[in-house]
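Novice: Got a predicted structure here, sequence first:
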Amino acid sequence: MHADIALGVIGGTGVYRIAGLEAVETHLPETHYGFPSGPVRVGMIDGKRVAFLARHGEDHGVPPHRINYRANLAALHKIGVTRVLAINTVGGITERFGPGVLACPDQLIDYTWGRVSTICEEPGTDVLHVDFGDPYTNAVRAQVLAAAQRAGVAVVDGGCYGATQGPRLETRAEIARMRRDGCDLVGMTGMPEAGLAREMGLQYACLGIVANWAAGCGDDAEITMADVLSIVETASSGIPPLLRSLLAD
């Protein structure tokens, strides 16, 4: 529909719109998998067309285990998106990933269960065995990191994202296990989204906003949504200049 879309952005908790998106058109495309979480907003940033979708819906009405990840990605693909930057609000586990940090992970571990995690689910569909050794598209990761450097936005390069089921937060024991497994970040929406993007042939990278220390890490203070949203709002200030730099590439 819009072959000239330069970038698709999926917003996570606390990120329900893109600052500076102009001349916005609204689309709600029905896909083979149903409707996405909410409308796809297509507009212009510095002369480049960008599509934005709020993963949980614009009113944050869809919990992580109920998100129709297939419909979200298929909706973006249907309107012409080929490159996706997924913004995920996450918790920090290891020392480099404290609250307020932006991170571009290069690995992930999937701890979710019961989610439809493939486009091969329906009888009669082709069975795909996609290479997923590097779960994020290396070229897009490199573009994001270079754009951040040009824009003067600090982004931590690398790290392992552990995707949990949610919507509850994790226990200290669960986070301790994830640390032993090699996870640096914890979130609830990284999978099956990344795997589905690979199956659909979308170029895909993650930009994690660290909103809090995970249970048993850092100062180990009680985690409240008010605190999470406050930190996300502050840390998100780096996203508009990063996007403008990425679109200029």
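Specialist: Thanks, I have the structure now. Predicted model only: the values in this text are computed from it and were never measured.

Novice: for the closest residue to Arg172 other than its chain neighbours, helix, strand, or coil?
Specialist: Residue nearest to Arg172 in three dimensions, not counting chain neighbours: Gly216, with 3.7 Å by Cβ to Cβ, 6 or more residues apart in numbering. The C-beta positions use only the backbone N, C-alpha and C, and glycine is treated the same way. Here Gly216 is coil, with the state taken from DSSP: H, G, I helix; E, B strand; the rest coil.

Novice: ok, now Glu222?
Specialist: coil.

Novice: Okay, it and Thr164: tell me how far apart.
Specialist: According to Cβ to Cβ, to the nearest Å, Glu222 stands 18 Å off from Thr164.

Novice: ok, how many other residues are close to the closest residue to His27 other than its chain neighbours?
Specialist: Of all residues not flanking His27 in the chain, Val40 sits nearest, at 4.6 Å (Cβ to Cβ, 6+ apart). For Val40, the neighbour count with other Cβ atoms under 10 Å is 24.

Novice: what does stretch 234-249 contact?
Specialist: 6-7, 9, 14-15, 18-20, 45-46, 48, 50, 85, 87, 100-102, 143-144, 146-148, 150-155, 207, 209-211 (Cβ atoms under 8 Å, 6 or more residues apart in numbering).

Novice: Just list the residues touching Leu202, thanks.
Specialist: Applying Cβ under 8 Å, 6+ apart, the residues near Leu202 are Gly8, Leu73, Leu76, His77, Val81, Thr82, Arg83, Val84.

Novice: all strands for this protein, in order.
Specialist: All strands of the chain, identified by DSSP state E, fall at 5-11, 22-27, 40-45, 48-54, 83-92, 102-104, 107-110, 156-157, 160-163, 185-187, 203-213.

Novice: would you turn those strands into JSON lines with distance to Ala139 and mean pLDDT?
Specialist: JSON lines is the format used below for the strands of the chain (distance: least, Cβ to Cβ, whole Å; pLDDT from 0 to 100):
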{"stretch": "strand 5-11", "distance to Ala139": "13", "mean pLDDT": "94"}
{"stretch": "strand 22-27", "distance to Ala139": "27", "mean pLDDT": "88"}
{"stretch": "strand 40-45", "distance to Ala139": "21", "mean pLDDT": "95"}
{"stretch": "strand 48-54", "distance to Ala139": "18", "mean pLDDT": "95"}
{"stretch": "strand 83-92", "distance to Ala139": "9", "mean pLDDT": "97"}
{"stretch": "strand 102-104", "distance to Ala139": "13", "mean pLDDT": "98"}
{"stretch": "strand 107-110", "distance to Ala139": "16", "mean pLDDT": "98"}
{"stretch": "strand 156-157", "distance to Ala139": "14", "mean pLDDT": "98"}
{"stretch": "strand 160-163", "distance to Ala139": "19", "mean pLDDT": "98"}
{"stretch": "strand 185-187", "distance to Ala139": "21", "mean pLDDT": "98"}
{"stretch": "strand 203-213", "distance to Ala139": "7", "mean pLDDT": "96"}
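
Novice: and among the ones you listed, the most buried is which?
Specialist: strand 185-187 (a mean of 28; mean count of other Cβ atoms under 10 Å).

Novice: what distance separates that strand from the middle of the whole chain?
Specialist: Centroid displacement of strand 185-187 relative to its chain, using Cα atoms, centre = their mean, to the nearest Å, is 11 Å.

Novice: Mind giving me the packing neighbours of it?
Specialist: Where contact means 3 or more Cβ pairs under 8 Å, 6 or more residues apart in numbering; DSSP states H and E, strand 185-187 is packed against strand 83-92, strand 160-163, strand 203-213.
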